[in-house]
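Novice: Okay, here's the prediction I keep looking at, along with the sequence it came from:
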Amino acid sequence: MKTVIAFFLTFIPFVAFGQTKPWANEMEAAEKAYSQGQYSDAELHFARAEQQAESFGLSDPRLATTLNNMGRLYSREAKYSVAEIQFRRALKIWDANGGAPIDKAATLNNLAVLYTYQSRYAEAEVMYKQCLALREKSLGPGHQDVANCLSNLGALYSEQGRYAEAEPLFARAILLNERTLGPENPELASSLNNLAALYVRQRRYGESEPLLNRALSIRERGLGSEHPDVATSLNNLAALYSLEGRFSEAEPAYVRSLAIEEKRLGPDHPDVATGLDNLAELYRRQEKYEAAEPLYRRALSIRERTFGPEHPSVARSLDNLASVLIPKCKEINVDLLYQRSLAIRRKLYGPDGPEVVTSLNNLGVAYAEEGRLSEAEHTFSAALAIMARQENQSGRTVASVYSNLANVYLRQGLHKKAKKMAAKAKTLQVQEAS
């Protein structure tokens, strides 16, 4: 169960230019639809705004602003190739017309966030560092936008497991926000949340909880008790409680978080799907599968309607639903859910993406539970082959695959092979724990 680390996608305000009214109206409508999770409507308004902006000239900063903000929407929808095109077009305009460095920095930041979503970490790091240099030079080292860039770079390192590099960046972002915004500003709460989430990933639960409680208090006082950011803080506290086995405290926090999201965002908003997932995961951990299943099904339905059938969050929902149906694998072909998830990830990330390994491991477990041991063996072996080609492997994931393959060999009566795989799994588990 994961706490949420926030990436700051940068919206470029469009009121700074002497725009014509039709363009401004479309931009305003697009941003309103985006904030409400109505992404199809947002796309329509942005497309009209792009047409208007192109009439001002192909090097006009209003077009670059439109493209940047469109790319932000496409990133949220995981339409990554389209988002990258928009961000690249915007950068070309900023470079051509010598626009404000802070606007170029915004697009660099957004492109870096996109690359992080795609696990293109090396490219993301370069973009974040360029963004940080521009913001520090243009705005000064103590500006809030610098703090946001530091947070994003820290979040990138956290995603890579580079916790020692992430922690000082999150700490510096907190210090900058406290100095520039004061100790009660909601923006500070986002920085506190990110450092707390890092501590959770490091199992430093005692250090995480006071930061999460402080972030929640700041948001409740500054934004009101029913703001979506309050829901995020409640979610992260609940995740911490769940990881500590404090299920009776986690459940009401998740339920309250979900109620806020449904009331403020509507029942079909993607953030509601995340809330449903988290509550379902809490039930799954307690083996309350009957309670978890309808929540996972509803989350899947929301994501399919919002993002389409081939979005990464749909793949994640398929995995979640399959996980609670495993006990029914004699009645239901759970592997079909995992196969669909695998197909989505291969299309999005290529045949050797880390996410593909996760799907193969899950599919292998389903085959094993269904008694299809030869197919399970082949699937786990395919996952190991991919990881052997990867430079940065997750030791925990490799250990899981070795352990699962050991169990398959054991059931096949191949005791020598099973012992070898189990030994490899144990070695990696010890290394991860140290």
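Specialist: That came through fine.
Novice: Please tell me how far Arg338 sits from Leu176.
Specialist: Actually, residue 338 is Tyr. It isn't Arg. According to C-beta to C-beta, to the nearest Å, Tyr338 stands 44 Å off from Leu176. Glycine gets a C-beta too; all of them are placed from N, C-alpha and C.
Novice: Sorry, wrong one. I was asking about Arg204.
Specialist: When C-beta to C-beta is the yardstick, Arg204 and Leu176 sit 22 Å from each other.
Novice: repeat for Ile332
Specialist: The gap separating Ile332 from Leu176 is 52 Å, by C-beta to C-beta.
Novice: ok, those two, which is more surrounded?
Specialist: Each of Ile332 and Leu176 had its neighbours counted (other C-beta atoms under 10 Å), and the higher figure belongs to Leu176 (22 against 14).
Novice: residues touching that one, list them.
Specialist: Under the criterion of C-beta atoms under 8 Å, 6 or more residues apart in numbering, the contact list for Leu176 reads 142-144, 146-147, 150.
Novice: just wondering, since we're on it, how far is it from Tyr289?
Specialist: As for Leu176, its distance to Tyr289 is 45 Å (criterion: C-beta to C-beta).
Novice: and what of Gly275?
Specialist: Distance, Gly275 to Tyr289, using C-beta to C-beta: 19 Å.
Novice: if you count what's nearby, which of these two comes out ahead?
Specialist: The neighbour count for Gly275 versus Tyr289, taken as other C-beta under 10 Å, is higher for Gly275 (28 against 17).
Novice: Could you pull out the helices in the stretch 151-300 of the chain for me?
Specialist: Listed in chain order, the helices found in the stretch 151-300 of the chain under DSSP state H, counting those that start in this stretch are 163-181, 186-201, 205-223, 228-243, 247-265, 270-285, 289-307.
Novice: Quick one: work out the angle between the fifth one and helix 289-307.
Specialist: When you say that, I think you mean helix 247-265. Counting by axes from the mean of the first three to the mean of the last three C-alpha atoms, to 10 degrees, helix 247-265 points 30 degrees away from the direction of helix 289-307.
Novice: Please identify the buried residues of helix 247-265?
Specialist: By neighbour count, and taking 16 or more other C-beta atoms under 10 Å as the criterion, the buried residues in helix 247-265 are 250-251, 253-254, 256-258, 260-262, 264-265.
Novice: got a list of what the spatially most central residue of the chain touches?
Specialist: Centroid-nearest residue in the chain, with C-alpha atoms, centre = their mean: Tyr117, separated by 6.9 Å. Contacts of Tyr117 were listed using C-beta under 8 Å, 6+ apart, and they are 75, 78, 80.
Novice: mean confidence score for the strand or helix carrying Arg135?
Specialist: Arg135 belongs to helix 121-139 when assigned by DSSP states H and E. This predicted structure assigns helix 121-139 an average pLDDT of 94.
Novice: Then stretch 250-270?
Specialist: 91.
Novice: could I get that stretch in PDB with only the CA atoms?
Specialist: In PDB, the C-alpha atoms belonging to stretch 250-270 read as follows (Å, rounded to 0.1, in the frame of the first residue of the first chain):
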ATOM      1  CA  ALA A 250      -7.000   3.100   8.800                       C
ATOM      2  CA  GLU A 251     -10.600   2.300   7.800                       C
ATOM      3  CA  PRO A 252     -12.300   5.500   9.000                       C
ATOM      4  CA  ALA A 253      -9.600   7.600   7.500                       C
ATOM      5  CA  TYR A 254     -10.000   6.000   4.100                       C
ATOM      6  CA  VAL A 255     -13.800   6.200   4.400                       C
ATOM      7  CA  ARG A 256     -13.700   9.900   5.200                       C
ATOM      8  CA  SER A 257     -11.200  10.500   2.400                       C
ATOM      9  CA  LEU A 258     -13.400   8.800  -0.100                       C
ATOM     10  CA  ALA A 259     -16.500  10.600   1.000                       C
ATOM     11  CA  ILE A 260     -14.700  14.000   0.500                       C
ATOM     12  CA  GLU A 261     -13.600  13.000  -3.000                       C
ATOM     13  CA  GLU A 262     -17.100  11.900  -4.000                       C
ATOM     14  CA  LYS A 263     -18.700  15.000  -2.700                       C
ATOM     15  CA  ARG A 264     -16.300  17.500  -4.100                       C
ATOM     16  CA  LEU A 265     -15.200  15.800  -7.300                       C
ATOM     17  CA  GLY A 266     -18.200  13.700  -8.200                       C
ATOM     18  CA  PRO A 267     -18.600   9.900  -8.200                       C
ATOM     19  CA  ASP A 268     -16.800   9.300 -11.500                       C
ATOM     20  CA  HIS A 269     -13.700  11.300 -10.900                       C
ATOM     21  CA  PRO A 270     -10.300   9.400 -11.200                       C
END
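Novice: Ok, which of the helices of the stretch 151-300 of the chain comes nearest Lys347?
Specialist: Go through the helices of the stretch 151-300 of the chain one by one with C-beta to C-beta and the one that ends up closest to Lys347 is helix 289-307, at 13.8 Å.
Novice: The closest one relative to helix 270-285, how many degrees between them?
Specialist: For the pair helix 289-307 and helix 270-285, the angle between their directions (the same axes, to 10 degrees) equals 160 degrees.
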